[in-house]
Structures are given as structure tokens and as C-alpha cells.
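Engineer: Using only what follows, build the 3D model:
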Amino acid sequence: MSGIHPKQIRGAWDDGYVLDVHTISSTLIGYNEYGHPEFDTVRSELGELVYRLKYKGDKSAVPSIVEAGVNFIRTWGIHPDVVVPVPPSKVQRVFQPVLEIAAELATSLQIELLTTSLTKAKQTDQMKDVGDFSERLEVLQSALTCQDNLTGRQVLLLDDLFQSGATLNVCARILKQNGLADRVYALALTRTRN
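Structural biologist: Numbers count the residues shown, from 1 in each chain. Next up, the predicted model:
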């Protein structure tokens, strides 16, 4: 991968980054035969890979995404013990992109993967469909629980798409308060433009 453009993100975690923007531009080009808008969308290189994986099921994008993540983590200077993926909001999806990336990332970093640390006690709408930040926090806080004792552990909390930060904030708080994690490092692959 030729390059990413990391940006530090602030929140309930000890340190955090998002690797790149998801979409560079999106221009309305018209409407299809069903009256739905169509766009000419330009994504970052990483954004295109995440899009292909998440929305087209293209698993061939995983190695390049993981490579970008591993390379960044090695320059970041952190030393996590475990990777914890954010629980997927669309649980009916057969293939869960964030879980697949987390598994490959943990393997590449030679650290433990805990896919059951954060679990949903109840179903929620996809967070991209909940517009208000405060409402997102409330929905997530009541839906997520920590299943593992992470006392003294340094956690790499992974998400694929950073929009408002609500999901990562709630997850980081839960990992620190309920799981007793020593440090939580948030890493999102791409971020929305707004």
C-alpha cells in the first residue's frame, strides 16, 4: 500500500488513531431507474479496500488492510497484549469484516485475539443510522458488556469505520471500568469526512 494519512483521535482511550479518510469526494451524478441517487465516489486507497471488504465481501482486501495496520502499529510505539474488535452492529452478516481484520492483525502482531471481550447484551441499530452523538452513547452504553477480566492488559481496540467516535468511546470506557484494562489504544481504519 502506497500510503496512509494517520490522524490522532481523542476519547476515553489512552491514545488513538484513525489510519485514513474513507471517502475523498462524492459527487451526485444522477438517479437510477428506481429514483435512487447515484454518486461518483473517490475513496482513499485504504478506504477503497475497506469498502470492498465491508460492502462487496472482497476478502482479498484483508492482507493489504492488515499490512497497513501492522506497519502503523510498529511505528506508533505501543505494545498491546491483546486485540479486541468492536462488536459488529450488523450481526446477520455472515462475514464480519472487523473480526476478520482483528484476527489477522493479532496473528501478524503475535498477540492474543479476544472476540468475546465486548459483547452486545441486546441488538442495536447500526450506529451510522443513529444521528445524534448523545443518543449513540446512550444506545451503546446500555447494549455492550465486557466478558473478560483484562486486569493489567494493554488492549488494542479495533474498529473499521470512525464516524463520531461514540462506539469507540463506550467500548474503551467499558474495557477500562468493567474489564479493568490497564491501557486501551483505539485504532480505526478509516474515518468519515464529517
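
Engineer: pull the CA atoms of stretch 8-27 into PDB?
Structural biologist: Extracted C-alpha coordinates of stretch 8-27, given in PDB (Å, rounded to 0.1, in the frame of the first residue of the first chain):
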ATOM      1  CA  GLN A   8      -4.800  11.200  16.200                       C
ATOM      2  CA  ILE A   9      -8.200  10.800  17.700                       C
ATOM      3  CA  ARG A  10      -9.100  11.800  21.300                       C
ATOM      4  CA  GLY A  11     -11.500  10.000  23.500                       C
ATOM      5  CA  ALA A  12     -11.900   7.600  26.500                       C
ATOM      6  CA  TRP A  13      -8.800   5.700  25.400                       C
ATOM      7  CA  ASP A  14      -5.200   6.300  26.300                       C
ATOM      8  CA  ASP A  15      -4.100   7.000  22.800                       C
ATOM      9  CA  GLY A  16      -5.800   6.500  19.400                       C
ATOM     10  CA  TYR A  17      -5.500   6.900  15.700                       C
ATOM     11  CA  VAL A  18      -7.500   6.600  12.600                       C
ATOM     12  CA  LEU A  19      -5.400   5.500   9.600                       C
ATOM     13  CA  ASP A  20      -7.000   7.500   6.800                       C
ATOM     14  CA  VAL A  21     -10.200   9.100   5.400                       C
ATOM     15  CA  HIS A  22     -12.700   6.700   3.900                       C
ATOM     16  CA  THR A  23     -14.100   8.900   1.200                       C
ATOM     17  CA  ILE A  24     -12.200  11.800  -0.500                       C
ATOM     18  CA  SER A  25     -15.100  13.000  -2.600                       C
ATOM     19  CA  SER A  26     -18.600  12.000  -3.600                       C
ATOM     20  CA  THR A  27     -20.400  13.800  -6.500                       C
END
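
Engineer: start at 43 instead
Structural biologist: Sounds good: first residue 43 from here, last item stretch 50-69.

Engineer: Tell me the gap between that stretch and the middle of its chain.
Structural biologist: 10 Å (Cα atoms, centre = their mean, to the nearest Å).

Engineer: Tell me the buried residues in that stretch?
Structural biologist: Buried residues in stretch 50-69, counted by 16 or more other Cβ atoms under 10 Å: 51, 53-65. (Each C-beta comes from the backbone N, C-alpha and C, glycine too.)

Engineer: Same check on stretch 104-122?
Structural biologist: Val104, Ser106, Ile107, Val108, Ala110, Gly111, Phe114, Ile115, Trp118, Pro122.

Engineer: Could you list the alpha-carbon positions for it in PDB?
Structural biologist: C-alpha atoms of stretch 104-122 as PDB (Å, rounded to 0.1, in the frame of the first residue of the first chain):
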ATOM      1  CA  VAL A 104      -7.700  -8.200   4.000                       C
ATOM      2  CA  PRO A 105      -3.900  -8.700   3.600                       C
ATOM      3  CA  SER A 106      -3.300  -5.100   2.400                       C
ATOM      4  CA  ILE A 107      -5.500  -3.700   5.200                       C
ATOM      5  CA  VAL A 108      -3.700  -5.700   7.800                       C
ATOM      6  CA  GLU A 109      -0.300  -4.800   6.400                       C
ATOM      7  CA  ALA A 110      -1.200  -1.100   6.700                       C
ATOM      8  CA  GLY A 111      -2.400  -1.600  10.300                       C
ATOM      9  CA  VAL A 112       0.700  -3.600  11.400                       C
ATOM     10  CA  ASN A 113       3.100  -1.100   9.800                       C
ATOM     11  CA  PHE A 114       1.400   1.700  11.600                       C
ATOM     12  CA  ILE A 115       1.300   0.000  15.000                       C
ATOM     13  CA  ARG A 116       5.000  -0.800  14.800                       C
ATOM     14  CA  THR A 117       5.800   2.900  14.300                       C
ATOM     15  CA  TRP A 118       3.200   4.000  16.800                       C
ATOM     16  CA  GLY A 119       5.300   2.700  19.700                       C
ATOM     17  CA  ILE A 120       2.700   0.900  21.600                       C
ATOM     18  CA  HIS A 121       2.900  -2.700  22.800                       C
ATOM     19  CA  PRO A 122      -0.600  -4.200  23.200                       C
END
